[in-house]
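# Provided below for reference: sequence and predicted model.
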Amino acid sequence: MNQQYKNVLVPVDGSKATANLLKRAIEVAKENHAHLDILNVLEVNQFNQTYGGAVSGDVVFKLTENTEEQLHEMEQTARDAGLDDVDIHIRFGNPKPIIANEFPADHNTDVIVIASTGLSAVERIIMGSVTSFVSRNAKCDVLIVKLPKDAKK
């Protein structure tokens with residue numbers, strides 16, 4: 001088999017879909033003997049809107065700390081599954097351009113493994129699906145993982 005992918009990106013958000021998505025990304029990385037990047041994008045503006053005003057540094061710090069713990073658990077899951085070449089990343093900003101373009105450009109991503117959607121129909125209308133944006137705008141391959149109905153949210 002020709003090695004198709006060297007750098008696999010899996011963006012995660014901590015939703016129920018994450019476990020299934022991570023499992024599929026690990027499979028893709030193992031099949032290709034590839035490096036796996038696990039990325040969580042924290043959208044600070046979202047918290048500003050939710051909590052009415054600027055979010056304090058303490059809230060951002062705690063959120064970052066919690067996210068880092070989750071990412072370390074995911075990294076361990078990947079290592080336990082037999083992957084040695086795994087990195088975790090946290091970025092701040094709008095997930096759409098970060099996942100579709102900025103992160104892949106910085107890390108030579110060959111394929112993005114992303115869930116079909118974690119949003120409700122209303123959220124998709126209001127915010128638009130990150131997945132559809134990534135699939136339209138990424139310069140690398142995008143593998144959209146269809147998740148069981150109960151795995152969403």
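Thanks, I have it.
# could you point out the helix or strand that follows the lowest-mean-pLDDT helix or strand in the chain?
For the chain, counting by mean pLDDT, DSSP states H and E, helix 44-51 ranks last in confidence among helices and strands (a mean of 58). Once the chain leaves helix 44-51, the next helix or strand it forms, by DSSP states H and E, is helix 57-80.
# neighbours around residue 85, how many?
Residue 85 sits with 15 neighbouring residues when counted by other C-beta atoms under 10 Å. C-beta: built from backbone N, CA, C; applies to glycine.
# got the phi and psi for the closest residue to it other than its chain neighbours?
Nearest-residue entry for residue 85: residue 35, 4.4 Å, with adjacent residues in sequence omitted and distances by C-beta to C-beta, 6 or more residues apart in numbering. Main-chain dihedrals, residue 35, degrees, to the nearest 10: phi -80, psi 140.
# next, count neighbours for residue 35.
Residue 35 has 20 neighbouring residues, counting by other C-beta under 10 Å.
# bridged to it, which residues?
On the basis of DSSP bridges, residue 35 is bridged to residue 7.
# also residue 88?
The residues that residue 88 bridges to, once DSSP bridges is applied, are residue 38.
# wait, what's in contact with it?
Applying C-beta atoms under 8 Å, 6 or more residues apart in numbering, we find residue 88 in contact with 37, 38, 39, 68, 71, 72, 74, 75.
# buried among those residues? Make that a PyMOL selection.
A single PyMOL command selects the buried members of the contacts of residue 88 (16 or more other C-beta atoms under 10 Å):
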select buried, resi 37+38+39+71+74+75
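# ok, back up a step: right, and the residue nearest to residue 85 touches residue 5 too?
No - judged on C-beta atoms under 8 Å, residue 35 makes no contact with residue 5 at a distance of 9.1 Å.
# the residue nearest to residue 85 and residue 42, how far apart?
When distances are taken as C-beta to C-beta, to the nearest Å, residue 35 and residue 42 turn out to be 23 Å apart.
# next, show the common contact partners of residue 35 and residue 5.
The overlap between the contact sets of residue 35 and residue 5 (C-beta under 8 Å, 6+ apart) consists of residue 29.
# so which bits of stretch 19-30 are buried?
The neighbour-count check on stretch 19-30 (16+ other C-beta under 10 Å) flags 20, 21, 22, 24, 25, 26, 28, 29 as buried.
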